[in-house]
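**Student:** I'll drop the sequence and a predicted model, then ask my questions.
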Amino acid sequence: MLKIYNTMTGLKEVFRPLVPKAVRMYVCGVTVYDECHLGHARSALVFETIRRYLKYCNFKVTFVKNFTDVDDKIINRAKELGIPWQAVTAKYIKAYYRDMKRLGIGRATVEPRATKHMADIIGLVRALARKGVAYQVNGDVYFQVQKFPAYGALSKRKLEDMQAGARVEVDERKRNPMDFALWKSSKPGEPGWDSPWGRGRPGWHIECSAMSMKHLGKTFDIHGGGMDLIFPHHENEIAQSCAATGKQFARYWVHNGFVQVNQEKMSKSLGNFFTIREIFEKSEWSEDLTGEILRYFLLTNHYRSPLEFSDQGLREAKSSLDGFYDLFNRLKERGKTTGPVNEKLTTAIERTRLAFEQAMDDDFNTPAAVAELQGLRSGVNKLLETGLSTKAREQARQQFRLLGSVMGLFQLEKWRFNVDLSDIGVRGLADEEVESKVKERTEARRRKDFKRADEIREFLKSHDIIIEDRPDGTSRWKR
Ligand SMILES: [Zn+2]
C-alpha cells in the first residue's frame with residue numbers, strides 16, 4: 001500500500017487517487033531564463049521516478065509540468081542580452097530538453113506554457129475579482145489574503161506573524177503586505193496581453209492554478225515541486241484556486257529537498273553552483289555514463305532529505321554501478337548447465353521484488369530500494385559461484401532491468417569500467433573564492449567564533465586547500 005508524505009498534513013498518508021487507478025499530477029516546472037542547475041535536476045528526477053513508480057503500480061498517470069515563459073527574470077535577461085524575450089525562452093526551453101534527455105527524463109503528458117494560456121489565466125483572475133477576493137489598483141490586480149482564512153495552512157504560517165515580519169517599505173497600493181499580484185500592468189516594450197484591467201501580464205503564481213485546473217480539473221491528486229516553492233508559490237496557488245472554486249485544490253503536496261555542496265546551500269554567490277550542462281560537459285565520462293551515475297547518486301538519497309553533492313558521492317555511485325554492470329556481464333555469459341530455473345534464485349528474486357516495492361511504497365524510499373538491489377547483486381554473485389543455467393541468468397538479468405527501470409537504471413548494453421575518475425563535476429575553488437573564505441575565517445577567529453572558523457577550514461580542506469595560521473593572526477593557504 002503506497003504511502004506519501006503530505007506537506008499539508010505533515011503525515012505519511014495512504015495514497016488513494018480521486019479516480020481509482022488514475023493519478024493526476026502537477027509539478028511546477030522551470031522559469032526559462034537560464035541554464036538548469038543541479039537543484040532542477042534533482043526535482044525533475046524525483047518526480048520522474050514518482051511517475052514511473054505509479055505506472056509500475058498500474059496507475060494511469062496524467063502528468064502536467066509547466067514552463068514559466070513570461071516573468072521579470074526573463075524580461076531582465078532579454079534586456080541584458082539585447083534580444084527579444086521570446087528568444088530567451090526559446091533558447092532555454094531547448095537547453096532544458098537537452099539536459100532532460102541527458103538525465104534520461106521523458107516528457108510530461110502535457111507541458112503547458114503560461115503564454116499559451118492567457119484566456120484561462122484572465123478568466124481565473126476575473127472569477128476572483130467577481131468573488132470579491134481580488135482588487136484592482138491602476139491596472140494591477142492583487143489577491144486579498146485576508147479574504148482567505150486558510151492562508152498559511154501549507155507553510156504553517158500565521159498571517160499576523162507574516163504581516164509583522166513584512167518589511168517597512170511595503171507597497172502602499174496593497175491592502176495587506178502579504179497580498180500578491182495576480183495581474184501586472186505591462187510597461188511599453190514589455191510582453192503584454194489585453195485584459196479587462198488594461199494591457200498586462202500574469203503574476204507568477206496564477207499560471208499554475210490556471211494550467212493545473214485546465215488540464216487536471218478543479219481537484220487533482222498530487223502537486224509537487226521543490227521545498228523552496230512551499231511559500232509563497234504553493235501557498236498562493238492554494239489561495240487562488242480554492243477561493244475561485246470553493247473546492248479542494250491538490251490532495252497530496254509533495255516537496256523535494258535542497259541540494260547542498262559541502263554543507264552549504266548551492267548558490268551562485270557562494271561559488272558552489274553547478275549547471276547540469278557543466279557536469280555533463282566537464283566530465284570525462286560519456287553522456288550515457290554520466291547520466292546514469294548522476295541518477296544513481298541522486299536517487300541513493302531520499303527525496304525529502306537535503307542532498308550533499310560531492311565528487312566523492314559521484315565516485316561511489318560509479319563504483320557501485322561498476323559492480324552491477326560487472327554482474328550483468330557475467331550473467332550474459334553462457335551458463336555451464338542447461339538446467340531449469342534455480343530455486344534459490346527464484347526465492348531471492350521474489351524476496352527482493354517485495355522488499356523493493358515495500359521501500360518504494362514507503363514514501364518513495366529510493367535509497368532503501370537501491371539497497372535491496374545491492375542485496376540481490378551479492379546474492380546472485382554467490383549463486384554464480386555454484387553455477388547458474390543460461391535460463392536462470394537471463395531471469396536474474398531481467399529482474400534487474402525491470403526494477404532498475406523504475407529509476408532509469410541498468411538499461412545500458414555497454415558500460416565503461418575504466419574511466420578517469422579524477423575530475424568529475426565538482427570543480428575546484430577559484431583563487432578569489434578561496435581568498436574570500438580565508439578572509440571570512442580570519443574575521444571569525446577575530447571575534448572568537450572558532451566553530452565557524454573550523455567549519456571554513458574543513459570546507460577548504462574538502463577542496464584540497466590547506467590553511468596555515470601565522471603567529472600574527474593572519475593565515476596563508478596553499479593547494
Ligand atoms: Zn507553480
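**Tutor:** Okay, I see it.

**Student:** Spell out which parts of the stretch 101-250 of the chain neighbour the ion.
**Tutor:** C208 (C-beta under 5 Å from the ion). Bear in mind the C-beta positions are built from the backbone N, C-alpha and C, glycine included.

**Student:** which non-adjacent residue is nearest G225?
**Tutor:** C28 (4.0 Å; C-beta to C-beta, 6 or more residues apart in numbering).

**Student:** Report how many residues lie close to the one you found.
**Tutor:** 23 (other C-beta atoms under 10 Å).

**Student:** tell me the contacts of it?
**Tutor:** 65-66, 208, 224-226, 229, 233-234 (C-beta atoms under 8 Å, 6 or more residues apart in numbering).

**Student:** quick check, nearest of those residues to the ion?
**Tutor:** C208 (3.2 Å; C-beta to the ion).

**Student:** tally of neighbours for that closest one?
**Tutor:** C208: 27 neighbours (other C-beta under 10 Å).

**Student:** Within the helices and strands, which one has it?
**Tutor:** helix 204-216 (DSSP states H and E).

**Student:** contacts for that helix?
**Tutor:** By C-beta under 8 Å, 6+ apart, helix 204-216 touches 24-26, 28, 31, 62, 64, 66, 68, 71, 110, 112, 114, 117, 120-121, 123-125, 180, 182-183, 202, 220, 223, 232-233, 236-237, 240-241, 244-245, 249-250.

**Student:** Pull out the buried residues from the residues you listed.
**Tutor:** The neighbour count (16 or more other C-beta atoms under 10 Å) marks 24-26, 28, 31, 62, 64, 66, 68, 71, 110, 112, 114, 117, 120-121, 124-125, 180, 182-183, 202, 220, 223, 232-233, 236-237, 240-241, 244-245, 249-250 as buried among the contacts of helix 204-216.

**Student:** The closest residue to R251 other than its chain neighbours: what secondary structure?
**Tutor:** Sequence neighbours aside, D221 is the residue nearest to R251 in space, at 5.4 Å (criterion: C-beta to C-beta, 6+ apart). With DSSP: H, G, I helix; E, B strand; the rest coil as the basis, D221 sits in strand.

**Student:** What is the burial count for D221?
**Tutor:** 24.

**Student:** Same check on the one 3 residues further on?
**Tutor:** By the measure other C-beta under 10 Å, the count of residues near G224 is 25.

**Student:** So H223 is in contact with H234, correct?
**Tutor:** Yes. Look at H223 against H234 with C-beta atoms under 8 Å: they come within range, at 7.0 Å.

**Student:** Pull up the overlap in contacts between those two.
**Tutor:** W253.

**Student:** sorry, back to before: the residue nearest to R251 and T386: what is the separation?
**Tutor:** 47 Å (C-beta to C-beta, to the nearest Å).

**Student:** Residue ranges in the protein under the pLDDT threshold?
**Tutor:** Within the chain, the segments meeting pLDDT under 70 span 165-170, 268-271, 336-341, 420-430, 462.

**Student:** Show me how it divides into domains.
**Tutor:** 17-256, 260-405, 431-478 (automatic domain parsing).

**Student:** Take the ones you listed and write them to TSV, including distance to T7.
**Tutor:** What follows is these, written out as TSV (distance: least, C-beta to C-beta, whole Å):
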stretch	distance to T7
domain 17-256	4
domain 260-405	9
domain 431-478	30
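
**Student:** Select, out of these, the one closest to L2.
**Tutor:** Taking C-beta to C-beta, domain 260-405 is the member of the domains of the chain nearest to L2, at 4.8 Å.

**Student:** Centre of the chain to the closest one, how far?
**Tutor:** 20 Å (C-alpha atoms, centre = their mean, to the nearest Å).

**Student:** secondary structure element for R24?
**Tutor:** Counting by DSSP H and E, R24 is part of strand 22-27.

**Student:** got the angle between the helix or strand just after that strand and strand 22-27?
**Tutor:** Going down the chain from strand 22-27, the next helix or strand is helix 38-56, by DSSP H and E. Helix 38-56 runs at 180 degrees relative to strand 22-27, counting by axes from the mean of the first three to the mean of the last three C-alpha atoms, to 10 degrees.

**Student:** Briefly note if helix 38-56 comes near the ion.
**Tutor:** No. Using C-beta under 5 Å from the ion, we find that helix 38-56 stays clear of the ion, coming within 11.6 Å at best.

**Student:** contact partners of the next helix or strand after that helix?
**Tutor:** Downstream of helix 38-56, the first helix or strand assigned by DSSP H and E is strand 60-65. Identification of contacts with strand 60-65 by C-beta under 8 Å, 6+ apart yields 21-29, 47, 51, 54-55, 108-112, 211-212, 215-216.

**Student:** Please apply the same query to stretch 302-315.
**Tutor:** Contacts of stretch 302-315 (C-beta under 8 Å, 6+ apart): 5, 38, 42, 46, 49, 255-263, 266, 274, 293-294, 297-298, 301, 363-367, 421, 424-426, 462.

**Student:** which among these end up buried?
**Tutor:** Counted by 16+ other C-beta under 10 Å, the contacts of stretch 302-315 give 5, 38, 42, 46, 49, 255-257, 259-262, 266, 274, 293-294, 297-298, 301, 363-366, 424-426, 462 as buried.

**Student:** about what we covered before: which ones among the contacts of stretch 302-315 are found in helices?
**Tutor:** Among those, the ones falling in helices (DSSP state H) are 38, 42, 46, 49, 293-294, 297-298, 366-367.

**Student:** And for R295, the neighbour number?
**Tutor:** 22.

**Student:** any idea what M8 is structurally, helix, strand or coil?
**Tutor:** Going by three-state DSSP: M8 is coil.

**Student:** picking that back up, so which of the domains of the chain comes closest to M1?
**Tutor:** domain 260-405 (6.2 Å).

**Student:** quick one: the helices in the stretch 51-200 of the chain?
**Tutor:** Assigned by DSSP state H, counting those that start in this stretch, the helices in the stretch 51-200 of the chain fall at 72-81, 85-103, 118-130, 159-165.

**Student:** And the stretch 251-400 of the chain, by the same measure?
**Tutor:** 276-282, 287-299, 311-332, 343-361, 366-386, 390-405.

**Student:** The ion: which of these is closest?
**Tutor:** Among the helices of the stretch 251-400 of the chain, helix 276-282 sits nearest to the ion (C-beta to the ion), with 20.3 Å.
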